[in-house]
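Chemist: build me a structure from this.
(chains A and B)
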There are 2 protein chains.
Amino acid sequence: PLGPVINFSASNFPFAFSVMGGDSAAILAAGCPLIVKAHSSHPDLSDATAEIAAHALTRTGMPEGTFQLIHGREAGVQILKDPRIKAGSFTGSIRVGRLLADIAANRPAPIPFYGELGSVNPVFITADAITERADEIATGYLASVTGSAGQLCTKPGFAFIPADSALPHAITRNATDVPKHRLLDPRIAKSYDERRTAVLSTTGAHPLITGGIRFDDDGQGWATPTIITISLDDFRTGRDTLLEESFGPLSILVEVPDGTDLAALMPEFYEGNLSGTLHLSEAEATGTTDNAPELRALIAALANQVGRVLFNGWSTGVAVTPAQQHGGPWPATTNDSSTSVGTAAITRFQRPVAYQNAPQALL
Amino acid sequence: PLGPVINFSASNFPFAFSVMGGDSAAILAAGCPLIVKAHSSHPDLSDATAEIAAHALTRTGMPEGTFQLIHGREAGVQILKDPRIKAGSFTGSIRVGRLLADIAANRPAPIPFYGELGSVNPVFITADAITERADEIATGYLASVTGSAGQLCTKPGFAFIPADSALPHAITRNATDVPKHRLLDPRIAKSYDERRTAVLSTTGAHPLITGGIRFDDDGQGWATPTIITISLDDFRTGRDTLLEESFGPLSILVEVPDGTDLAALMPEFYEGNLSGTLHLSEAEATGTTDNAPELRALIAALANQVGRVLFNGWSTGVAVTPAQQHGGPWPATTNDSSTSVGTAAITRFQRPVAYQNAPQALL
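Modeler: The predicted model follows:
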C-alpha cells in the first residue's frame, strides 16, 4: 500500500463513485487509509454513507482512522498538500481535475494523482450495420444517451453515421416519450442548458429530437433528450462550439459523406477518451468485406486514443472485471495507464517491492 | 505503445543506461518511437552508439524516424514540451529530474515522466551477522562502495551497525589498496570533493579509511575510497550535512547503541530509496531468534520506503529479471510504482486498451 490516500468523490454516482464507491473500495482493498472529500452536491447522503462505513470498519476490527470523511474543497486541497498523503483520486471535470493534479505534481514530494475527467466517447456506425439493424441501433443509442439523463462519463456524445442513412428516421421512430429527468443539481442543469443552447444555435445543427430543459422554483433543471444531426462540413466549421462535453441528455449525429477516411476523424476532432465504439454488420465482423482495411484502420485509430474499444455495444455499461479499462489518454484521465473501474483499479494504490534473497520465515 | 518518447540518458552508465541502454530498450520494445537526449559527459560515444543503432534499425526494416539522437538540454526540454511526445524518461540527479518532471506535468496535455533520481540505499547489519562472518561482510561492503568508484545509484551510502562491533576492524583489515579511479567527469569530481570535505568535517565523523581525491591538469578527479564511522547521536546532530547523497566512493558506518529501535531509523532519516538491505545471521534468518519481531518490523519499515529489500547481499548488482523492482518512493524516482530495470520496465511505455466484444477477425 502507498499510504494514506484522499479520494475526491464524484457528483454523478452518489453511490457507485462517491463515499464508498469504486475508488474508495480500491484504496481500502490496497490497504491504504482513506480520506474521502464529500461532493458538495450530496453532503447528507455522504454523511449517512460514512456513518454506515465507519460502523462496518469498527465492527470488523479495522484500526482507528482507517476512514474519514471531510467536507469542503479547501479542506480537500489542504489534505492533498499534506506530506503524509501518498496519493489522490478524483472523478469530475477537466478543470477541477487539472487543478488538483497540478497540486499533487507540484508538492515538495510529488504523489500520484488519478483523475477520471471528461469524455465524449465517439461512436462510428457503418452503412451495413444500419441496413442490418437500424431499429436495434436506434433504441440502443437512445437508451445510452438518455440513461441517468446523460450525466455519465461514458455517454456517447457523438455518433458518426453515413449521410442519407435510415438511422435518424429510426431514432425518431423509436423515441418513445422519455419522461423528463431531474439533473443532478442546479449548477449542472444551468451548465447543460447553456451547452444545449450553444449547440442548437450552431450553423447546420438540426434538432432531430428537440427535447428541452425546464427549471423549477428551486433552480433544479428537468430535461428531456436532445438529438442533433449535422453534416461533417458543418461539424468541422462549428467544432469549437460542438466538441466540448455536454453533460446531460444531448448527443450529436455527424453525417459523413461516402468515402470519408473515418480513421482520420479521431485525431482530427478528439484528444483522449474513455471509450470509442464501432457498430458493424455481421458480414463486416468477419473481416472479409471490401472495407475491412478501413475498419481495421479505424479500430487502430480508436485504440490509439481511448481506453476501451467497443463493438456493437454501448459504452454506458462498465463491467467491474479484470479486463475492464476505464481510462484513457489526457484529458479523459490524468494518468494514461490506469483504470478506475475493474479489478486493476486497486493497483493504483499499490507499489511493487522486490524481496531479494529473503528468508521466508521473516516475511 | 504510448507514442513517441524522449529519453534523457544517464551519465554514469555510458552503455547500460545511455543511448541504447535499458530505458531505450524498454521504449523501443513497447513499440514507441525513441528520441534520446545524449548526456553531455559522453557526446562522442553517444554519436557512435547512435550510428550503430541507426544501422541496425535500418537493416531490420524499422520505419524511418524510429530513433533519433539529440544533444543539448535546451533541445531536450523543447522536445519534452512538444505535444507529439507522449512520455519521458530520465536517469540522473534529483534537481534535474524534478525540473523535467515539472515540465512534463505542467504541459497543456500532461504526460507520464519516469525519472530515476538519487538514492542512498541504507544497510542494516546485525551483531550476530558480524559475529558469524565479519570478513565476508567487510569485503562485500567494500566492493559495493568502491565499484565504479561509487558512482552508482545503488551504492550503499549508509550502513547501520552495532556500536563496538568487530566490523570496522574487519573493514580496515580487508581494505587492500584500491587503485585510484577516475570519476566520470570534472563536474562530478568537484561535487564529490565538496561532499567528502563536508562529511569529514562533521562533528564525530571519524575516517576509518581516509582515502582522497586528486585532480589532474584536465580537472579530472582521481579518487580512492573514504569510509567514515560516526555514532548515532552525532549522525543525528549532523544529519543536514550527512544525509545528502555522496556520488562517489564514500560511505558512512553509523554505530547504533544496543536497544535502538532500528525500524524507527528509516522514517527518521530517509525518504524514498531504491533499495534497503539487511544482513543477518543464519539463526536470525529462521525467524525464531529473540529479535525476530524487531527484524520483522525493520523489514516492514524498509519495504515501506524502498523498491527492493535485500537480504545478505549488496544492492549494487541489479538483475534484469521479471521480479526486479528498481524504483521507489520520491525522491528515488518521480513515479512510485514503476521500475526502470527488469522486464516490467516496458510497461511504463504501454497503455492498456480493453477490446469489448471485438470480432477476432478485425484485430
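Chemist: apart from its neighbours in sequence, what residue is nearest the residue of the stretch 51-200 of chain A found nearest chain B?
Modeler: Closest residue of the stretch 51-200 of chain A to chain B, CB to the nearest CB: residue A:105 (3.7 Å). Backbone N, C-alpha and C define where each C-beta goes, glycine included. Spatial nearest neighbour of residue A:105, excluding adjacent residues (CB to CB, 6 or more residues apart in numbering or on different chains): residue B:105 at 3.7 Å.
Chemist: count of residues packed around that neighbour?
Modeler: Counted with other CB atoms under 10 Å in any protein chain shown, residues neighbouring residue B:105 total 20.
Chemist: pLDDT score for it?
Modeler: Residue B:105 carries a pLDDT value of 96.
Chemist: which residues touch it?
Modeler: The contact partners of residue B:105, by CB atoms under 8 Å, 6 or more residues apart in numbering or on different chains, come to A:101-102, A:105-106, A:110, B:113.
Chemist: and if you look at residue A:169?
Modeler: Each residue near residue A:169 by CB under 8 Å, 6+ apart is listed here: residue A:134.
Chemist: how about it, secondary structure?
Modeler: helix (DSSP: H, G, I helix; E, B strand; the rest coil).
Chemist: residue B:167 versus that one, what's the distance?
Modeler: According to CB to CB, to the nearest Å, residue A:169 stands 86 Å off from residue B:167.
Chemist: need phi/psi at residue A:90.
Modeler: phi -160, psi 140 (degrees, to the nearest 10).
Chemist: related to what we said a few turns ago, kindly provide the distance from the residue of the stretch 51-200 of chain A closest to chain B to residue A:115.
Modeler: In terms of CB to CB, residue A:105 sits 11 Å off from residue A:115.
Chemist: one more: residue A:100?
Modeler: Taking CB to CB, one finds residue A:100 at 7 Å from residue A:115.
Chemist: which of these two has more neighbours?
Modeler: Neighbours per residue, other CB under 10 Å: of residue A:100 and residue A:115, the larger number sits with residue A:115, 26 against 23.
Chemist: list the contacts of that one.
Modeler: A:89-92, A:97-98, A:100-101, A:333-335.
Chemist: among those residues, which are in reach of chain B?
Modeler: A:101, A:334-335 (CB under 8 Å from any CB of the partner chain).
Chemist: most surrounded residue in those?
Modeler: Counting neighbours by other CB under 10 Å, residue A:334 comes out on top of the ones next to chain B among the contacts of residue A:115 with 27 neighbours.
Chemist: wait, it sits on residue A:99?
Modeler: No: using CB atoms under 8 Å, residue A:334 is not in contact with residue A:99; the gap is 10.8 Å.
Chemist: quickly list what's touching both of the two.
Modeler: Between them, residue A:334 and residue A:99 share no contacting residue, judged by CB under 8 Å, 6+ apart.
Chemist: does chain B sit close to stretch A:353-363?
Modeler: Yes: Stretch A:353-363 comes into contact with chain B (CB under 8 Å from any CB), by way of A:353-359, A:361-363.
Chemist: stretch A:118-125 now?
Modeler: No: using CB under 8 Å from any CB, we find that stretch A:118-125 stays clear of chain B, coming within 12.4 Å at best.
Chemist: quick one: distance of that stretch to the chain centre.
Modeler: Taking CA atoms, centre = their mean, to the nearest Å, the mean C-alpha location of stretch A:118-125 is offset from the chain mean by 10 Å.
Chemist: pull the residues that contact it.
Modeler: A:93-94, A:137, A:141, A:153-162, A:167, A:243, A:245, A:262, A:265-266, A:269-270, A:273-279, A:298, A:302, A:306, A:315, A:328, A:331-332.
Chemist: straight-line length of that stretch, end to end?
Modeler: 22 Å (CA to CA, to the nearest Å).
Chemist: repeat that for stretch A:331-340.
Modeler: End-to-end for stretch A:331-340, by CA to CA: 14 Å.
Chemist: can you check stretch A:28-47 too?
Modeler: The first and final residues of stretch A:28-47 sit 18 Å from each other (CA to CA).
Chemist: buried sites along that stretch?
Modeler: A:28, A:30, A:32-39, A:41-42, A:46 (16 or more other CB atoms under 10 Å in any protein chain shown).
Chemist: all strands for the stretch 251-363 of chain A, in order.
Modeler: A:273-279, A:306-311, A:354-356 (DSSP state E, counting those that start in this stretch).
Chemist: how about the residues of the stretch 201-350 of chain A near chain B?
Modeler: So far as CB under 8 Å from any CB goes, the stretch 201-350 of chain A lies against chain B at A:271, A:280, A:285-288, A:292, A:295-296, A:299, A:303, A:306-313, A:323-325, A:327, A:329-331, A:334-337, A:339, A:344, A:347, A:350.
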